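[1] Any chance you could fold what I've pasted below:
(2 chains)
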Amino acid sequence: MLGVCLRGAHATVRKNCVRSPLTPLQSYRCYSTSRSSGASRVVALGLVTVGGGVGGTLLYSKWDPKFRAAVEKNVPYSDWLLGLALGPAPEDARLPVRKQVRSGGEHLFTRKCKECHKHADVSETAAVASAEPLKERPVDEVTARLVQQDQEEEKLLASLSSRLEDSLASSAKATLQAIGAQEVALQAVTQHTRKLKDAMEAEAPSDEKSTQWKELEAALAERTAAVKDATTTLSKANEALEGLKSVINQAKGQKVAAARPLILAAEENLHQMVVDLDKVVSKVRSAESEAKVVSQYTELVNEAKQQFQREVSSLTPEIQANWKGLTGKLSVDDLNALIAHAHRRIDQLNRELAEQRVREQIHIEAALEQQKVEDHKVLDAAVTTAMGHVKEEARLNLEQKLAELREVMEAEMRTQLRRQAAAHTDHVRDVLKVQEQELRAEAEQVLNSKILDQETRYRQLTQEQLDNFTLDMNAAYARLKGIEEAIDSHAVAEETAREAHQLWLSVEALSYALKSAGADSPSMPLEDAAEAVRASCHDDFCSALASALPQESLQRGVYSEASLRARFNALRSLARRVALIDESRNSLYQYFLSYLQAALLFEDQQEAPPSQLSGADLDPFKLLSYASYCLEHGDLELAAKLVNQLRGEARRVVEDWLTEARLTLETRQVVSLLSAYANAAGLGTTQAP
Amino acid sequence: MSEKELGKKWDRCLADGVIKLGTGLGLGIVFSVLFFKRRTWPISLGSGAGLGMAYANCQNNLRSHYLQHRIEAVCFRTASCW
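    Reported below is the predicted structural model:
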């Protein structure tokens, strides 16, 4: 179109420019008319407008997807164009749907999905297609996800609980073991100390002493073993407890809500075990400290004893260690020395005692201080442990309270949520009811229209079917009729064929009857045959023919040609003899003359008749010879015709023959006609293959 | 049989002739013997008459067919015959 415009502009320019041999380039500059520039200007303006519009639409649709969707919906083929120019439409309709799917419960989904459906309507079809399955699926998906989450939680919980239980069990076992061991150790220690004390303070004979010492050693060994055992078990228990703590921490770290009571219980158990263990450990330590004291005391005592023993031995080397049983063995000197030593020792001890009494207060103070310090330490330790325990207990209580509170809060939240959910369900129910009604109305309408359509289609189809059926029926009926007619006509044809056959047979019978003529006798009377022919005749022609048979032939029969021929031969001579006789000449003389003529005249026995008889041919002799010839050649008709030309007496003489010949000819004619007719009828009815 | 008619006629003629001739002859003879002193003329007369009558009869017989018609035709025309 632009080319056409330009060409038009060219043409106008060339026309209007005065200087004709201009190049096309120069002709452009010929501004003699404004039409050319105006046209191009209009065209350019139009192009610019269109281009601007298209570009603006493209840019704006790139920026605003809703506009793009609107354009695509309203302008055909624009989606292809926009897809080509900008790429496919962004599919952000999906994400909010998915988030919404993840967040709420079942009731929220349908609403959210309606929103997302509305959202999807605006955007492209792909988003709709993706949103629609979301709309269809979120409930199931979320329930599945929830179920999956629950399952995961349960699994986690199960694993956690199993782990906790395991670790709890192991730690409990270990702790119990440790406690048992500690108790055993305690028992051993106490026993040992007791024994030691007993051993120290008791004044038993040496045997018992030795057994006592042995027992003591055994007790000591037992104690050491028990203590070792206790320490190992304690370490094990500590390890187990550490393990349990770590497990608990891990469980805490996983933040499974349902595991909290378990964790709490485990923590409590842990705490309890730790407390028990600490108690037992403290007991053991106190026992140990007591044992240490006792052992120190025993050591001191032993040392003193040893000292004394040394002194005594230094004094009296013969005296043995076991001085209790030495009452009778010592001498007076020894005894004196011993007593002196003893007195000295007593003095010393008194002095030491005095010293001690003096320093008692200091010592007591120091001891008190020490004790205070120790007590402090112990107190601190105890306080710290107690604090720790109390803190732990408090923490546990807090946790328990927190758990309870959380439960309560959760219950409350649940009730609130339930309330909200109930309110929501009510609202949703109302909305759903309204929607249901709307949808039902719509659906009913659609259904009605569809039913109407279906009904009309059904009616159409049934009508069609009926028409087809009627057509088929008509066709079938027509065909049936045709078939019937064909059959009838067949039957009729058969009937006619049969009749024709019958006729033919009867005609054959007739012709056979004709042939039954003997040499001189006529044939049988053709009455029966003619009757048969008449009977088998069913139309006028045939019956006319059948009734056209001469009466004579019916009653008497007809002569055969041979007999006629023979008769004619006999007749001929007679006819020759009376050839001259007629009305005018019939005297005897004429007879004589005639006889003479016959005797004297010689003609051809047989002469072929000419096609036309002239006057000369009417001579009887000639006629007779012609007739003879005809007869010899089987032409009875011509012979009869010729014989018919005889006049006078000859004629009278051959009259009978002539009638017979006529009869025969007639009959034969009728029969031949009938036969021809029968043949024709038969041929007519015969179906050509 | 029309052809046998002639033969029949001739037979009759002959028979008639013979009869008439015989009768004539006889009568002739008789007459000649009786009345005419054995002259021959009654015999010949009788025979002649007989023959003649036979001839006439024969002729008449032979003609009869044609005459009948003529008589009938004549009668018919003249209307004078009874």
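[2] Near whatever residue of chain B ends up closest to chain A, how many other residues are there?
    Chain A sits closest to residue B:2 of chain B, with a gap of 3.7 Å, by CB to the nearest CB. Backbone N, C-alpha and C define where each C-beta goes, glycine included. Residue B:2: 17 surrounding residues under other CB atoms under 10 Å in any protein chain shown.
[3] I figured it hits residue A:657, correct?
    Yes. The criterion here is CB atoms under 8 Å, and residue B:2 meets it with residue A:657 at 7.2 Å.
[4] how close does residue A:589 sit to chain B?
    Separation of residue A:589 from chain B (CB to the nearest CB, to the nearest Å) stands at 9 Å.
[5] so what's the backbone phi/psi at the residue of the stretch 351-500 of chain A found nearest chain B?
    Residue nearest to chain B within the stretch 351-500 of chain A: residue A:500 (40.2 Å; CB to the nearest CB). The phi/psi pair for residue A:500 (degrees, to the nearest 10) reads phi -60, psi -40.
[6] which one is it nearest to, not counting chain neighbours?
    Distances taken as CB to CB, 6 or more residues apart in numbering or on different chains place residue A:681 nearest to residue A:500, at 3.8 Å, with adjacent residues excluded.
[7] From the structure, what's the count of residues near that neighbour?
    Neighbours around residue A:681, by other CB under 10 Å: 22.
[8] Which helix or strand contains it?
    Taking DSSP states H and E as the definition, residue A:681 sits inside helix A:655-685.
[9] and if you look at residue A:238?
    Using DSSP H and E, the element containing residue A:238 is helix A:206-254.
[10] Now find how far off-centre that helix is within its chain.
    For helix A:206-254, the separation from the chain centroid amounts to 72 Å (computed by CA atoms, centre = their mean, to the nearest Å).
[11] in the helix holding residue A:681, what's buried?
    Going by neighbour count (16 or more other CB atoms under 10 Å in any protein chain shown), the buried part of helix A:655-685 is A:655-658, A:660-668, A:670-671, A:673-675, A:677-678, A:681-682, A:685.
[12] just stretch A:400-407 next, same as before
    Neighbour counts over stretch A:400-407 (16+ other CB under 10 Å) mark A:400, A:403 as buried.
[13] Identify the residues contacting it?
    Stretch A:400-407 is contacted by residues A:260-261, A:264 when judged by CB atoms under 8 Å, 6 or more residues apart in numbering or on different chains.
[14] CA atoms of it as PDB?
    C-alpha atoms of stretch A:400-407 as PDB (Å, rounded to 0.1, in the frame of the first residue of the first chain):
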ATOM      1  CA  GLN A 400       8.000 -27.900  84.800                       C
ATOM      2  CA  LYS A 401       6.000 -24.800  85.500                       C
ATOM      3  CA  LEU A 402       6.900 -23.500  82.100                       C
ATOM      4  CA  ALA A 403       5.800 -26.800  80.600                       C
ATOM      5  CA  GLU A 404       2.600 -26.700  82.600                       C
ATOM      6  CA  LEU A 405       2.100 -23.000  81.700                       C
ATOM      7  CA  ARG A 406       2.900 -23.800  78.100                       C
ATOM      8  CA  GLU A 407       0.300 -26.600  78.200                       C
END
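[15] what mean pLDDT would you report for it?
    In this model, stretch A:400-407 has an average pLDDT of 84.
[16] Now residue B:37: phi and psi?
    Main-chain torsions, residue B:37, degrees, to the nearest 10: phi 40, psi 50.
[17] tally of neighbours for it?
    Residues near residue B:37, counting by other CB under 10 Å: 8.
[18] Repeat that for residue A:598.
    By other CB under 10 Å, the residues close to residue A:598 number 18.
[19] Next up, the contacts around it.
    Residue A:598 makes contact with A:573, A:576-577, A:579, according to CB under 8 Å, 6+ apart.
[20] which stretches of the stretch 401-550 of chain A form strands?
    Using DSSP state E, counting those that start in this stretch, no strands are assigned anywhere in the stretch 401-550 of chain A.
[21] what's the closest non-adjacent residue to residue A:164?
    Closest to residue A:164 by CB to CB, 6+ apart is residue A:266, at 4.9 Å.
[22] which strands and helices sit next to the helix or strand containing that neighbour?
    Residue A:266 is part of helix A:260-315, with elements assigned from DSSP H and E. Helix A:260-315 sits against helix A:138-201, helix A:206-254, helix A:332-515, with contacts defined as 3 or more CB pairs under 8 Å, 6 or more residues apart in numbering or on different chains; DSSP states H and E.
[23] Rounded mean pLDDT for the shortest one, please.
    I take that to be helix A:206-254. pLDDT averaged over helix A:206-254 gives 80.
[24] Output the below-cut-off pLDDT ranges for chain B.
    B:69-82 (pLDDT under 70).
[25] Start from the N-terminal end of it and give the strands.
    Counting by DSSP state E, chain B forms no strands at all.
[26] where does the residue of the stretch 1-150 of chain A at minimum distance from chain B land in three-state SS?
    Closest to chain B within the stretch 1-150 of chain A is residue A:76: 119.4 Å, counting by CB to the nearest CB. Classification of residue A:76 by DSSP: H, G, I helix; E, B strand; the rest coil places it in coil.
[27] What is the burial count for it?
    A count of nearby residues for residue A:76, using other CB under 10 Å, gives 8.
[28] That one: what's it in contact with?
    Counting by CB under 8 Å, 6+ apart, residue A:76 has no contacts.
[29] Which positions in chain B make contact with chain A?
    Chain B comes close to chain A at residues B:1-3, B:5-6, B:55, B:58-59, B:62-63, B:65-66, B:69-70, as judged by CB under 8 Å from any CB of the partner chain.
[30] Run through the stretch 1-150 of chain A and note the low-pLDDT ranges.
    Applying pLDDT under 70 to the stretch 1-150 of chain A flags residues A:1-36, A:90-137.
[31] Repeat the analysis, applying 50 as the threshold.
    A:17-22, A:27-28, A:30, A:93-132 (pLDDT under 50).
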